[in-house]
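K.L.:
output the structure for:
(chains A, B, C and D)
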Protein chains: 2
Amino acid sequence: MKKITIFDDITKDEAEKLINELDAKKMHFNKDVTIATNINNINLIGIILEGSATVVRYEYNGDRNIIEKLNKDDLFGEVFTSNSSNDLSIIATSPCDVLFIDYNMLITSSNKYSTYKNKLVDNILQLLAFKIVSMNDRIEVLTKRTIREKLLTFFNISTRDKINKTFTMPFSFTDLADYLAIDRSAMTREIKNLKEDGIIVINDKRITLLN
Amino acid sequence: MKKITIFDDITKDEAEKLINELDAKKMHFNKDVTIATNINNINLIGIILEGSATVVRYEYNGDRNIIEKLNKDDLFGEVFTSNSSNDLSIIATSPCDVLFIDYNMLITSSNKYSTYKNKLVDNILQLLAFKIVSMNDRIEVLTKRTIREKLLTFFNISTRDKINKTFTMPFSFTDLADYLAIDRSAMTREIKNLKEDGIIVINDKRITLLN
DNA sequence: AAAAAAGTGTTGCAATTGCAACAAAAATGA
DNA sequence: TCATTTTTGTTGCAATTGCAACACTTTTTT
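P.N.:
As a prediction, the model looks like this:
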């Protein structure tokens, strides 16, 4: 599987037409400039045409986590981020050319002229985008430095859309430890602490986040 | 962004036609059965039509890491995995219906009848697949339990295609620590150990893996 | 060219985490 | 239903990791 380019197999003319049709925007950023933060348009996909950038998250405690390095032909965007408490910034690490495309303009599913195969590809593209969202969640959990933070982040993500901040564990606690890549007994210990500190309540496999 | 289904906006008839045209295979798996391991066809995308599964990696030391939980409409496959020393298995956690599609059949770029917009969507789909590969690499590093293993995994991935097992650090050591989500001074200490143990050699920003 | 900022290497000490081992509870399956 | 396997909870102890502080080097800025 060789890496391709966004405009592979598309002529320069066609690319220009596409940029017009999709109302895409090409932008330039100098080194160390912030390309985007999570305040930006939620529907844009960014593509690094030239240069490089870094996606970073600043934690409340001052820790900085580098989420990913972006290079030529890498994609990024809010589309790939869940609407959690993320505080992500994308910062140019060299002079950058970035193309922003509205995600919705890309998907032709609604277009009655597209073939069913086109629709399938559109659908798979969307499913891939979803996969990336959940992988980002996973990375957010794994980049937490302590067991307590990993647990809390996992619980927060799991109750994200729940009004009563309750969710049912999708697997055993043993599995959870393997999922968080931590020792099970240490995890149990920390869960006990969280209960004693009145931060969570556990009934069987149902976990509720208090506060 | 609402989650869609693989055959959204596609009729049952069209779906059947598609499955034929793409030579896709629908398969059923019972609970606890291994759906796939990394020995399988490298070009297949799997889609969970019904049921659930878990992607796990067994480490040399016996540790087990749960890489991800797969549910209805989730995608998986070798396409999304780099050809490293991964030892991944996908195991059904409930009775599963899975659809396997050959990745190459999906991409119409080579088809002269497809519009340039179709091609763009194909290209973006491929770039997303690449993004998933690199996110998988990232998750592999982060799921390692010790600083030493995180470093070694990162070094291995970075020298994957290098004959002389040498690569140039793409950023500072301070950044590397933030990327691996570990303390910088502890990392420096471990890098010193790796040097003393004759496992790596560092010249400025060039790191060579010995053995 | 000088000053300021950022990165690197080091260390003692404290805190967290992992490991091992075991008992009890729950789930599985024959 | 009973036996076996898996999961859960617990704990002491050892090992690893994080923290804080500092000196020194390198890079960046003025």
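K.L.:
what's the domain layout of chain A?
P.N.:
A:12-132, A:147-209 (automatic domain parsing).
K.L.:
can you tell me which of the ones you listed is most buried?
P.N.:
domain A:12-132 (a mean of 17; mean count of other CB atoms under 10 Å in any protein chain shown). C-betas here are computed from N, CA, C, even on glycine.
K.L.:
spell out which parts of chain A neighbour DNA strand C.
P.N.:
For chain A, the contact set with DNA strand C under CB under 7 Å from any atom of the strand comprises A:145-148, A:182-183, A:185-187, A:189-190.
K.L.:
in helices, which of those residues appear?
P.N.:
Assigned to helices by DSSP state H, the following of these qualify: A:147-148, A:185-187, A:189-190.
K.L.:
name the helix or strand of chain A that has the lowest mean pLDDT.
P.N.:
Lowest mean confidence among the helices and strands of chain A (mean pLDDT, DSSP states H and E): helix A:103-106, at a mean of 85.
K.L.:
contacting residues around residue A:18?
P.N.:
Neighbouring residues of residue A:18 by CB atoms under 8 Å, 6 or more residues apart in numbering or on different chains: A:10, A:24, B:116-117, B:120.
K.L.:
is it part of a helix or strand, or is it coil?
P.N.:
helix (DSSP: H, G, I helix; E, B strand; the rest coil).
K.L.:
pLDDT at it, what is it?
P.N.:
Residue A:18 is assigned 89 on the pLDDT scale.
K.L.:
and for residue A:69, nearest residue in space, chain neighbours not counted?
P.N.:
Spatial nearest neighbour of residue A:69, chain neighbours left out: residue A:54 (5.7 Å); criterion: CB to CB, 6 or more residues apart in numbering or on different chains.
K.L.:
what are the pairing partners of the helix or strand where that neighbour lies, and which direction each?
P.N.:
Secondary structure from DSSP states H and E places residue A:54 in strand A:53-58. If you go by DSSP bridges, strand A:53-58 pairs up with strand A:64-70 (antiparallel), strand A:88-92 (antiparallel).
K.L.:
need the longest helix for chain A.
P.N.:
helix A:116-142.
K.L.:
find the residue at the geometric middle of chain A.
P.N.:
residue A:81 (3.3 Å; CA atoms, centre = their mean).
K.L.:
neighbours of the closest residue in space to that residue that isn't next to it in sequence, how many?
P.N.:
Once flanking residues are discounted, residue A:81 sits nearest to residue A:136: 5.9 Å by CB to CB, 6+ apart. The number of residues packed near residue A:136 is 20, by other CB atoms under 10 Å in any protein chain shown.
K.L.:
any idea how far residue A:136 is from residue A:169?
P.N.:
Distance of residue A:136 to residue A:169, given as CB to CB, to the nearest Å: 21 Å.
K.L.:
any idea how far residue A:73 is from DNA strand D?
P.N.:
Distance of residue A:73 to DNA strand D, computed by CB to the nearest atom of the strand, to the nearest Å: 25 Å.
K.L.:
any low-confidence regions in chain A?
P.N.:
Across chain A, residues meeting the criterion (pLDDT under 70) sit at A:1-2, A:39-41, A:83-86, A:108-113.
K.L.:
setting aside sequence neighbours, what's the nearest residue to residue A:77?
P.N.:
Nearest to residue A:77 is residue A:45, by CB to CB, 6+ apart, at 4.5 Å.
K.L.:
check contacts around that neighbour.
P.N.:
A:75-77, A:79, A:100-103, A:106, B:124.
K.L.:
hang on, it in a strand?
P.N.:
Yes: counting by three-state DSSP, residue A:45 falls inside a strand.
K.L.:
and chain A, which residues reach DNA strand D?
P.N.:
A:32, A:145, A:172-175, A:184-185, A:188-189, A:191-192.
K.L.:
max pairwise distance over those: which two?
P.N.:
Spanning the widest gap among those are A:32 and A:172, at 46.1 Å by CB to CB.
K.L.:
need the contact list for residue A:170.
P.N.:
For residue A:170, the contacting residues are residue B:69, by CB under 8 Å, 6+ apart.
K.L.:
need phi/psi at it.
P.N.:
With angles defined as degrees, to the nearest 10, residue A:170 sits at phi -80, psi -10.
K.L.:
ok, residue A:8 to residue B:125 distance?
P.N.:
The value you get for residue A:8 to residue B:125, if CB to CB is used, is 12 Å.
K.L.:
just residue A:159 next, same as before
P.N.:
Residue A:159 is 32 Å from residue B:125, by CB to CB.
K.L.:
contacting residues around residue A:191?
P.N.:
Residue A:191 is in contact with A:151, A:173, A:200, A:202, counting by CB under 8 Å, 6+ apart.
K.L.:
pull up the gap between it and residue A:36, please.
P.N.:
36 Å.
K.L.:
adding distance to residue B:165, write the contacts of residue A:18 out as TSV.
P.N.:
TSV is the format used below for the contacts of residue A:18 (distance: CB to CB, whole Å):
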residue	distance to residue B:165
A:10	37
A:24	41
B:116	42
B:117	43
B:120	38
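K.L.:
tell me the one of those residues nearest DNA strand C?
P.N.:
The closest of those to DNA strand C turns out to be residue A:24 (CB to the nearest atom of the strand; 32.9 Å).
K.L.:
these two touch, right, the closest one and residue A:103?
P.N.:
No: if you go by CB atoms under 8 Å, residue A:24 and residue A:103 don't touch, sitting 11.0 Å apart.
K.L.:
related to what we said a few turns ago, ok, what's across the strand from the residue nearest to residue A:77?
P.N.:
Beta-bridge partners, per DSSP bridges, of residue A:45: residue A:101.
K.L.:
gap between stretch A:70-88 and the chain center?
P.N.:
5 Å (CA atoms, centre = their mean, to the nearest Å).
K.L.:
could you export it as CSV, CA atoms only?
P.N.:
Taking Å, rounded to 0.1, in the frame of the first residue of the first chain, the C-alpha atoms of stretch A:70-88 are listed here in CSV:
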residue,chain,number,x,y,z
LEU,A,70,1.2,15.9,10.6
ASN,A,71,3.2,15.8,7.4
LYS,A,72,2.5,16.3,3.7
ASP,A,73,-0.8,14.7,2.7
ASP,A,74,-1.9,14.1,6.3
LEU,A,75,-5.5,14.9,7.2
PHE,A,76,-6.8,16.5,10.3
GLY,A,77,-9.9,18.3,11.5
GLU,A,78,-12.7,18.6,14.0
VAL,A,79,-14.6,16.0,11.9
PHE,A,80,-12.2,13.5,13.5
THR,A,81,-12.7,14.7,17.0
SER,A,82,-15.4,13.9,19.5
ASN,A,83,-17.0,16.9,21.2
SER,A,84,-15.4,16.2,24.5
SER,A,85,-13.4,18.5,26.7
ASN,A,86,-10.5,18.3,24.3
ASP,A,87,-8.3,21.3,24.1
LEU,A,88,-6.5,20.5,20.9
